[in-house]
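> below is the sequence, then the predicted model.
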Amino acid sequence: MACNPNFNTNQKDTKYQFSKKEESPAQSIKTTLLNNLRKLIEQAHADNEKYEKKLQEEPEDQFGMLDSFKLLHWEGSNKNKIWASDDQYMSKRFRKRVYSALNAFDDNELKDFSKMIIASNQVILMLTGLEFFGITIEDAIHSLYSKKDNLEKLEIPNLKKVKNLFEQFLHIKQIASRIPYQLLLDYQNDENIKTDINKLRSHIQTIRDQMFKKIRKAYYRHIEISEIIYK
């Protein structure tokens with residue numbers, strides 16, 4: 001049998017080609033980070049899109065919140081008033097963000113929540129606060145979702161930071177979402193709050209302040225994430 005002088009060389013080249021295709025430990029870590037982060041982003045985006053669908057399926061009574069939305073308006077063109085209850089783009093965006101912020105409520109509880117804030121004469125205070133919460137959720141998730149396919153450009157330390165910050169954001173969002181729900185429970189279970197409008201107003205202000213502290217924390221996480229991914 002003839003000897004092939006290039007056999008050993010070809011064998012070495014083949015091994016070299018295989019080794020090049022194998023991920024390095026660092027690349028493996030990065031791939032895992034990217035996959036886990038993208039799953040988080042996609043799940044958060046899917047959750048937020050539920051409220052777009054909720055808006056499309058909105059009944060005439062706007063999930064029992066029509067009477068509240070009818071009390072809030074903006075000045076439109078020609079000084080025409082645009083009400084939060086209107087079939088206008090601005091109004092719909094507002095309602096979608098409020099529904100997103102009130103994600104801990106079922107439809108019946110939304111109606112009870114509306115009655116409570118009307119009784120307290122704190123409709124504008126609460127709804128504008130909830131809209132800001134909804135905007136914070138929307139902006140943070142959208143900014144990451146729009147960049148999810150370009151995240152591989154980030155180095156491992158920054159990927160870890162983004163994942164950690166986004167997990168913190170989602171945790172804070174979950175806590176903040178429970179705060180207005182707790183307000184409704186307090187109203188339903190405490191006769192002093194239910195029957196004394198001054199106590200109700202004071203309690204709503206306290207709860208709103210608690211919610212805003214959480215929203216600010218979530219907003220700062222969003223800013224930190226943006227500073228990394230938009231470099």
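It's in.

> quick one: pLDDT of Ile41?
For Ile41, the pLDDT comes out at 97.

> which strands and helices sit next to the host helix or strand of it?
Using DSSP states H and E, Ile41 sits within helix 25-56. Under the contact definition 3 or more C-beta pairs under 8 Å, 6 or more residues apart in numbering; DSSP states H and E, helix 25-56 sits against helix 89-101, helix 123-145, helix 156-189. Bear in mind the C-beta positions are built from the backbone N, C-alpha and C, glycine included.

> contacting residues around the helix or strand following the shortest one?
I take that to be helix 89-101. Using DSSP H and E, the next helix or strand after helix 89-101 towards the C-terminus is helix 107-120. Identification of contacts with helix 107-120 by C-beta atoms under 8 Å, 6 or more residues apart in numbering yields 61, 63-68, 71, 99, 102, 105, 123, 126-127, 180-181, 183-184, 187-188, 197, 200-201, 204.

> repeat the analysis, applying 7 Å as the threshold.
With C-beta atoms under 7 Å, 6 or more residues apart in numbering as the test, helix 107-120 has contacts from 63-65, 67-68, 102, 105, 123, 126, 180, 184, 187, 197, 200-201, 204.

> any idea which residue is closest to the centre of the protein?
In the chain, the centroid-proximal residue (C-alpha atoms, centre = their mean) is Ile137; its distance is 2.9 Å.

> pretty sure that residue is touching Lys50, no?
No: the pair Ile137 and Lys50 does not pass the contact test of C-beta atoms under 7 Å, sitting 11.8 Å apart.

> Met126 - how many residues pack around it?
Met126 has 26 neighbouring residues, counting by other C-beta atoms under 10 Å.

> so the spatially closest residue to it that is not a sequence neighbour versus Lys231, what's the distance?
Excluding the flanking residues, the one nearest Met126 by C-beta to C-beta, 6 or more residues apart in numbering is Ile117, at 4.8 Å. The spacing between Ile117 and Lys231, counted by C-beta to C-beta, to the nearest Å, is 42 Å.

> how much space separates Glu155 from Ile228?
On the measure of C-beta to C-beta, Glu155 and Ile228 end up 10 Å apart.

> among the two, which residue is more densely surrounded?
Ile228 (16 against 10).

> now find how far off-centre the helix or strand harbouring the more buried one is within its chain.
Here Ile228 sits within helix 197-229, counting by DSSP H and E. Its chain's C-alpha centre and that of helix 197-229 lie 13 Å apart, by C-alpha atoms, centre = their mean, to the nearest Å.
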